[in-house]
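Colleague: no sequence for this one, just the structure:
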């Protein structure tokens, strides 16, 4: 099903490009700027089974995107500048802002050198527990479990289920089913319990994944000293905030800021909601981020930035640089706002 969706999206992007419809839609949907969302930036991997491929782009693709923006005369700015332009209603020039979620080490090793080539700033939203080395990247753990298994047994909906994982196609089907099941569980402890059981059963060292992939506090502190880098907050545990009590959600938001400020000795003024879609962040979470003192907070809801975004600074939409669509032909489509307009039902603001 997800592969079908990917194919539909690709077909849509190609249709917008080849018909030139994105040129016609640009005046209506390009807005005043865009906040681009990334996770991993690293060289392409060769594995046949890469279910989290959508979360990574290559340094070459990032370079191509930055060159495209520069050729269009679009300012590449910090999140502080995004906030200031919205507050001041300063829309004389279009802008782009690059945001990277979670705090992966490859942001330092591969993204930063490319950004330096263009003197382009970036903001990395760090998860406190990931920097501690105690966090759980369950989606990465699930990929490793399935990659090394020929079959998986799991109790899904009180039914003991055996899933075939003997081929790349079968592995992808199993991953999609288990991923959706894990995201549907009522609480974070349920997800932790089930993924830990799968890892134990299949010999995957879950606890080591975080330290392997994410920057430590010492690394983040050095990284934050780079002139182009801003560090934002992304909760303590990377939980689905909407599934937490208001007290817990507020603690995840506010305490993540306090922990990063204490560790890095610098203010943290910007926030990103984990998962960031409508089932993970809504009006309650937007209000909590505002009450915690953040200037801005970003979602994963697709959309460009419009003048009206100034009234929804803790519910800002983003444009995903998705690893499944690393094609330079799509860059003018993405910057036109045409793709996100279709993705969000032609809404300029999606904050409800």
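Modeller: Structure received. Remember, it's a predicted structure, so these values are computed and weren't measured experimentally.
Colleague: From here on, just use CA atoms for contacts and neighbour counts.
Modeller: Noted.
Colleague: Do I have it right that residue 94 meets residue 32?
Modeller: Yes. Assessed by CA atoms under 8 Å, residue 94 is found in contact with residue 32 at 5.1 Å.
Colleague: immediately after the helix or strand that contains residue 232, which helix or strand?
Modeller: Secondary structure assignment for residue 232, by DSSP states H and E: strand 229-233. Moving toward the C-terminus from strand 229-233, the next helix or strand (DSSP H and E) is helix 246-264.
Colleague: Identify the residues contacting that following helix?
Modeller: Applying CA atoms under 8 Å, 6 or more residues apart in numbering, the contact partners of helix 246-264 are 127-128, 217, 220-221, 224, 232-237, 241-242, 267-268, 285, 288-289, 292.
Colleague: Beyond it, next helix or strand please.
Modeller: strand 270-272.
Colleague: How about the contacts made by residue 278?
Modeller: residue 301.
Colleague: Regarding it, what are the backbone dihedral angles?
Modeller: Main-chain dihedrals, residue 278, degrees, to the nearest 10: phi -70, psi -20.
Colleague: Quick check: it vs residue 351, distance?
Modeller: For residue 278, the distance to residue 351 equals 9 Å [CA to CA, to the nearest Å].
Colleague: Report how many residues lie close to residue 184.
Modeller: Using other CA atoms under 10 Å, residue 184 has 12 neighbouring residues.
Colleague: can you check the one 3 residues further on too?
Modeller: Number of residues near residue 187 (other CA under 10 Å) recorded here: 14.
Colleague: What of residue 179?
Modeller: Residues near residue 179, counting by other CA under 10 Å: 16.
Colleague: contacts for the helix or strand that it is a member of?
Modeller: Per DSSP H and E: residue 179 is located in helix 168-184. The contact list for helix 168-184 (CA under 8 Å, 6+ apart) reads 2, 48-49, 51, 139, 142-143, 146-147, 156, 163-165, 191, 194.
Colleague: Which elements pack onto the strand holding residue 232?
Modeller: Secondary-structure packing of strand 229-233 (3 or more CA pairs under 8 Å, 6 or more residues apart in numbering; DSSP states H and E): strand 122-126, helix 217-224, helix 246-264, strand 270-272.
Colleague: looking at the ones you listed, which is closest to residue 104?
Modeller: Evaluated over the helices and strands packed on strand 229-233, closeness to residue 104 peaks at strand 122-126, with 8.4 Å, by CA to CA.
Colleague: Quick one: distance of the following helix or strand past the closest one to the chain centre.
Modeller: As assigned by DSSP H and E, the chain's next helix or strand after strand 122-126 is helix 128-132. In terms of CA atoms, centre = their mean, to the nearest Å, the centre of helix 128-132 is found 17 Å from the chain centre.
Colleague: likewise stretch 200-211?
Modeller: Counting by CA atoms, centre = their mean, stretch 200-211 comes out at 23 Å from the chain centroid.
Colleague: what comes up buried for it?
Modeller: 204, 206-207, 209-211 (16 or more other CA atoms under 10 Å).
Colleague: Now the terminal residues of it, how far apart.
Modeller: Length of stretch 200-211, first residue to last, CA to CA: 18 Å.
Colleague: Which residues does it contact?
Modeller: Contacts to stretch 200-211, defined as CA under 8 Å, 6+ apart, come from residues 130, 133-137, 140-141, 144-145, 148-149, 196, 199.
Colleague: Also stretch 314-325?
Modeller: Applying CA under 8 Å, 6+ apart, the external contacts of stretch 314-325 come out as 6, 10, 34-38, 53-57, 286-287, 289-290, 294-305, 309, 334, 340, 349-351.
Colleague: How about stretch 237-244?
Modeller: Defining contact as CA under 8 Å, 6+ apart, one finds that stretch 237-244 is touched by 127-130, 135-136, 186-188, 249, 252, 273-275, 279-282, 284-285.
Colleague: Could you list the buried residues of the regular element (helix or strand) spanning residue 3?
Modeller: Assigned by DSSP H and E, residue 3 belongs to helix 2-19. Of all the residues in helix 2-19, those buried under the rule 16+ other CA under 10 Å are 9-10, 13-14, 16-17.
Colleague: do stretch 342-352 as well
Modeller: 346, 348-351.
Colleague: Next, format those residues as JSON lines and append secondary structure, distance to residue 177 and pLDDT.
Modeller: Shown next, in JSON lines, are those (DSSP: H, G, I helix; E, B strand; the rest coil; distance: CA to CA, whole Å; pLDDT from 0 to 100):
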{"residue": "346", "secondary structure": "coil", "distance to residue 177": "30", "pLDDT": "94"}
{"residue": "348", "secondary structure": "coil", "distance to residue 177": "32", "pLDDT": "94"}
{"residue": "349", "secondary structure": "coil", "distance to residue 177": "31", "pLDDT": "96"}
{"residue": "350", "secondary structure": "coil", "distance to residue 177": "28", "pLDDT": "95"}
{"residue": "351", "secondary structure": "coil", "distance to residue 177": "29", "pLDDT": "95"}
